[in-house]
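1. When you get a sec, could you give me coordinates for this:
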Amino acid sequence: MSVLENRIAPVAGLAAHLGRGMGRIAADSAIGRLRSMPRTVGELDALTMSQLTGRVVTSVSLLGGDAGTSSRARLALTGADVPATVFVKMAAETVATRLMGELGNLADTETRFYRQLAPQLTGVPRSYGSQFDHWTGRFVLVLEDLADPSDMSAAPCEFPDTLHPIDPDRAAKVVELLARLHATFWERLPARAGRGPLGWLYTASGDSASLLTGPLLKTSSRRLAARTDLPLDNGRFINEHYRAVASLIDRPPHTVMHGDAHPGNLYFRGGQAGLLDWQAVRRGHPSRELAYTLVTSMATEQRRAAQRDLLDVYRDALVRAGGPEMDRDELWDRYRQAALYPYVAALITAGMGGMQIEDIAMKGLERSLTALEDLDTVALLEKAL
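-> Numbering: from 1, shown residues only. So this is what the prediction gives:
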């Protein structure tokens, strides 16, 4: 492929990506109410829930809900062999948020994950049913309610967050869970995205929307410079060369990654770790996921002290789960390079606003900037390019 084609192809891909998202939103406005897909939580009546779950639901009542990149609600159900409560995700209420979801392909990705991949995994909420409308982008996902205090058959779940980091023992549980995920799909992906049953999975750097990431990094850095003393210059090289360095850390071998395993998407139940929000599932090298998870989930001093040991825990667990034996030094170097991933995610989240609470966003950015420095990430990336 020529240099000109290398420049044109990503732009064409982004245009097609944006066109698809805007087309779905336009179709929803024009014909959405004629489709069979429920549009609001209020439309999830007994008949609709019966159709979604394949069980006879006789009543539905709302227990609570909130909104983010999707609309979310807890519902109480009655009926034949139905769970007492469920957690439901649906399309976001606002057009702007739905368009952001289309850029990330969030709804299609998560419904595909629960249909195709989740049955092969542990540490994943149970799915009772899902539906995705390719014309309008609307979806419904009915999941196990992990917060249900009345379910005496299951141990209670604990949910960490960025302001309450996990300790090395819990981090070990998380990397073991990631090892089982990665081993399950090792060598099962096609050589290139777009082919075969798992061809819908693509790398973060191969996403056509990643063309926007570099400009977003620069914009976020400018916005934050006036209101924080954090060393934003630590990431300047990444901002300026994002597409090149992102492709570098996404070089093979590849497996399936959760893609967004930060502390807000973790849970612990019965001494084991689990993962929520599978809307950013990607293919890639395990180092990208490991760096993102450990940098965002652990206090800096504990991460520094434990990260080499935790990578060894991961390597051992990967082999036990049927995956390959990874070279210790190579994984360490790739992990250090991949610390750019938590930095990119944290900078955009903090700089653009609206995706996380301010304190959580800034703490994530602080940890990621520190990791770039103590792992010497930028120097490694410069040397490798």
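
2. quick one: low-confidence ranges for the protein?
-> Within the chain, the ranges that satisfy pLDDT under 70 run 1-14, 17, 149-154, 354-355.

3. quick one, helices of it?
-> 3-31, 46-53, 95-104, 106-112, 168-184, 213-225, 236-240, 242-249, 286-297, 300-320, 328-338, 340-352, 358-374, 377-384 (DSSP state H).

4. of all these, which gets the most neighbours per residue?
-> helix 286-297 (a mean of 27; mean count of other C-beta atoms under 10 Å). Placement of C-beta: from N, CA and C, glycine included.

5. Quick one: list the elements packing against that one.
-> Where contact means 3 or more C-beta pairs under 8 Å, 6 or more residues apart in numbering; DSSP states H and E, helix 286-297 is packed against helix 168-184, strand 255-257, helix 300-320, helix 328-338, helix 340-352, helix 358-374.

6. Name the residues that touch the longest one?
-> Outside helix 300-320, the residues within contact range by C-beta atoms under 8 Å, 6 or more residues apart in numbering are 165, 167-168, 171-172, 175-176, 178-180, 182-183, 286, 290, 294-295, 298, 324-326, 328, 331-332, 335, 367, 370-371, 374.

7. so that helix versus helix 168-184, what angle?
-> Here helix 300-320 runs at an angle of 40 degrees relative to helix 168-184 (axes from the mean of the first three to the mean of the last three C-alpha atoms, to 10 degrees).

8. same deal with the fifth one?
-> Helix 340-352 runs at 110 degrees relative to helix 168-184, counting by the same axes, to 10 degrees.

9. so what does helix 340-352 touch, helix or strand wise?
-> Against helix 340-352 (3+ C-beta pairs under 8 Å, 6+ apart) you get helix 213-225, helix 236-240, helix 242-249, helix 286-297, helix 358-374, helix 377-384.

10. Tabulate the CA atom coordinates of that helix in PDB.
-> Only the C-alpha atoms of helix 340-352 are listed here, as PDB (Å, rounded to 0.1, in the frame of the first residue of the first chain):
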ATOM      1  CA  LEU A 340       0.600   4.800  27.300                       C
ATOM      2  CA  TYR A 341      -2.900   3.200  27.300                       C
ATOM      3  CA  PRO A 342      -4.000   4.200  30.800                       C
ATOM      4  CA  TYR A 343      -2.400   7.700  30.100                       C
ATOM      5  CA  VAL A 344      -4.500   8.100  26.900                       C
ATOM      6  CA  ALA A 345      -7.700   7.000  28.500                       C
ATOM      7  CA  ALA A 346      -7.200   9.100  31.600                       C
ATOM      8  CA  LEU A 347      -6.100  12.300  29.800                       C
ATOM      9  CA  ILE A 348      -9.100  12.300  27.500                       C
ATOM     10  CA  THR A 349     -11.500  11.300  30.300                       C
ATOM     11  CA  ALA A 350     -10.300  14.200  32.500                       C
ATOM     12  CA  GLY A 351      -9.800  16.700  29.800                       C
ATOM     13  CA  MET A 352     -13.100  16.300  27.900                       C
END
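
11. List the contacts of that helix.
-> Contacts for helix 340-352 (C-beta under 8 Å, 6+ apart): 204, 213, 216-217, 219-221, 223-224, 232, 235, 238, 242, 245-246, 249, 260, 262, 288, 291-292, 295-296, 355-356, 361-362, 364-365, 367-369, 371-372, 377, 381.

12. what about stretch 122-131, distance to the chain center?
-> 16 Å (C-alpha atoms, centre = their mean, to the nearest Å).

13. first to last residue in that stretch, what's the distance?
-> End-to-end distance for stretch 122-131: 22 Å, by C-alpha to C-alpha, to the nearest Å.

14. Grab the longest strand from this structure for me.
-> strand 56-67 (DSSP state E).

15. Hey, what's the angle from that strand to helix 46-53? Just curious.
-> Put simply, strand 56-67 runs at 90 degrees to helix 46-53, going by the same axes, to 10 degrees.

16. which residues does residue 356 contact?
-> Residues counted as contacts of residue 356 (C-beta under 8 Å, 6+ apart) are 162, 264, 349-350, 364.

17. separation between it and residue 161?
-> From residue 356 over to residue 161 the distance is 9 Å, taken as C-beta to C-beta, to the nearest Å.

18. What of residue 178?
-> Separation of residue 178 from residue 161 (C-beta to C-beta) stands at 19 Å.

19. Hmm, residue 69 is touching residue 106, no?
-> Yes - checked against C-beta atoms under 8 Å, the pair residue 69 and residue 106 is within contact range at 6.1 Å.

20. between these two, what contacts are shared?
-> By C-beta under 8 Å, 6+ apart, the residues touching both residue 69 and residue 106 are residue 279.

21. How far away from the center of its chain is the longest strand of the chain?
-> Distance, centroid of strand 56-67 to centroid of chain: 26 Å (C-alpha atoms, centre = their mean).

22. In its sheet, which strands sit next to that strand, and in what direction?
-> Applying DSSP bridges, strand 56-67 is found paired with strand 71-80 (antiparallel).

23. The strand it pairs with: which residues count as buried?
-> 71-77, 79 (16 or more other C-beta atoms under 10 Å).

24. Then stretch 228-236?
-> For stretch 228-236, burial by neighbour count (16+ other C-beta under 10 Å) applies to 230, 232, 234-235.

25. again, but for stretch 117-129
-> 117-118, 121, 123-125, 127-129.

26. returning to that earlier point: switch the helices and strands packed on helix 340-352 over to CSV; also include distance to residue 269.
-> Listed next are the helices and strands packed on helix 340-352 as CSV, based on distance: least, C-beta to C-beta, whole Å:
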stretch, distance to residue 269
helix 213-225, 34
helix 236-240, 36
helix 242-249, 31
helix 286-297, 17
helix 358-374, 22
helix 377-384, 33
